[in-house]
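Asker: sequence first, then the predicted structure, then my questions.
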Amino acid sequence: MSLITVKNLTLAYGDKNIVDDLSFSLAPGDFLVVIGDNGVGKTTLVRSLLGQLKPKKGVIEMPDKLKIGYVPQFRNLDEEYPLSIKDFVALNAGKSLRPWLNQKERQQLHHILELTDLTRIQDRLLGQASGGEKQRAYLAQALLGNPRLLILDESTASLDNEMKYELLDLVAKLQKQGLSVIFITHDWDLARSYGTRYLKMMPDSYQTGSIEEFRQGVKNV
Ligand SMILES: Nc1ncnc2c1ncn2[C@@H]1O[C@H](COP(=O)(O)OP(=O)(O)OP(=O)(O)O)[C@@H](O)[C@H]1O
């Protein structure tokens, strides 16, 4: 049973097709790595999965109100960015117009800060956190919404090797508990290490399959 089925999807900006006739599916607990050269349409695909870009043709089938967590690529923040790590993560607590958290939300926040190893530094200003800590804060914020699908858009691109593996080990742990993951990356080693399925986007065609097929197909890369 698929969580998401994409059928014959075409996405365009104006008259220009960026994604053309793409089909793939994602099951609960899949870790789908999406790999492809710059400009091939990976982020455009993410925008359509997040509902920000309507298909020109084709369909994206997913459950109504599917909760999706989105972790963007780390961008440097001003050192004076005024929120602490904890307050930044709590922005996704779903408290609508209330400025405070109720007890359940506080417990969830506490749990997520523990999970992402941010408890010790939760009161540090986000702008003064290291790259890896900032990226964990973005992940924590996405997880606080209790998503069934997590989309990581080149979220490891500016991290050093150790931090990349740390972040993805944590994501893989959650994936083994049933979270579905879409991981956009240029990093073939990470794709091979963590993926269970792959989608390779090329300018005029797409390939998708199990990660074993991917490993065989890219042996010589
Ligand atoms: N809002 C927009 N309007 C018009 N064209 C756009 C828009 N956003 C992106 N594009 C173009 O669509 C193409 C695909 O961009 P996209 O960001 O999806 O690629 P990508 O595969 O994610 O690339 P990268 O690996 O560099 O992030 C590019 O040629 C880009 O210039």
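Answerer: Looks like it arrived, so ask away. Residues are numbered from 1 along each chain as shown.
Asker: what's the span of stretch 84-103 from first residue to last?
Answerer: Stretch 84-103 has its terminal residues 20 Å apart, counting by C-alpha to C-alpha, to the nearest Å.
Asker: what residues sit buried inside it?
Answerer: Residues of stretch 84-103 classed as buried by neighbour count (16 or more other C-beta atoms under 10 Å): S84, I85, K86, F88, V89, A90, N92, A93. Where you see a C-beta, it was placed from the backbone N, CA and C, and this is true even at glycine.
Asker: check the offset of that stretch from the chain's centre.
Answerer: Relative to its chain's centre, stretch 84-103 lies at 21 Å (C-alpha atoms, centre = their mean, to the nearest Å).
Asker: then stretch 45-53?
Answerer: 12 Å.
Asker: with stretch 137-145 instead?
Answerer: In this view, stretch 137-145 has its centroid 10 Å away from the chain centroid, taken as C-alpha atoms, centre = their mean.
Asker: quick one: contacts of the longest helix along the chain?
Answerer: Taking DSSP state H as the criterion, the chain has its longest helix at helix 161-176. For helix 161-176, the external contacting residues (C-beta atoms under 8 Å, 6 or more residues apart in numbering) are 29-31, 115-116, 131-132, 135-136, 139, 143, 150, 152, 155-156, 159, 179, 181, 183, 187, 190, 193-194, 196.
Asker: hmm, which of the residues you listed are the buried ones?
Answerer: 30-31, 115-116, 132, 135-136, 139, 143, 150, 152, 155-156, 159, 179, 181, 183, 187, 190, 194, 196.
Asker: thinking again about what came up before, filter the contacts of helix 161-176 by proximity to the ligand?
Answerer: Contacts with the ligand within those, counted by C-beta under 6 Å from any ligand atom: none were found.
Asker: one step back: let me know the next secondary structure element after the longest helix of the chain.
Answerer: strand 180-185 (DSSP states H and E).
Asker: list the contacts for the residue nearest to P63 when sequence neighbours are not counted?
Answerer: Here the nearest residue to P63 in space, its sequence neighbours aside, is L3; by C-beta to C-beta, 6 or more residues apart in numbering that works out to 7.3 Å. Contact analysis of L3 by C-beta under 8 Å, 6+ apart lists L26, A27, P28, D30, M62, P63, L66, R148, L149, S180.
Asker: how about a cut-off of 7 Å?
Answerer: Contacts for L3 (C-beta atoms under 7 Å, 6 or more residues apart in numbering) come out as L26, A27, P28, M62, R148, L149, S180.
Asker: from S25, how far off is it?
Answerer: Computed as C-beta to C-beta, to the nearest Å, the L3 to S25 distance reads 8 Å.
Asker: so of the buried residues of stretch 84-103, which ones are in helices?
Answerer: Those of the buried residues of stretch 84-103 lying in helices (DSSP H): I85, K86, F88, V89, A90.
Asker: the ligand contacts on the chain?
Answerer: Within the chain, the positions near the ligand by C-beta under 6 Å from any ligand atom are Y13, I18, G36, N38, G39, V40, G41, K42, T43, T44.
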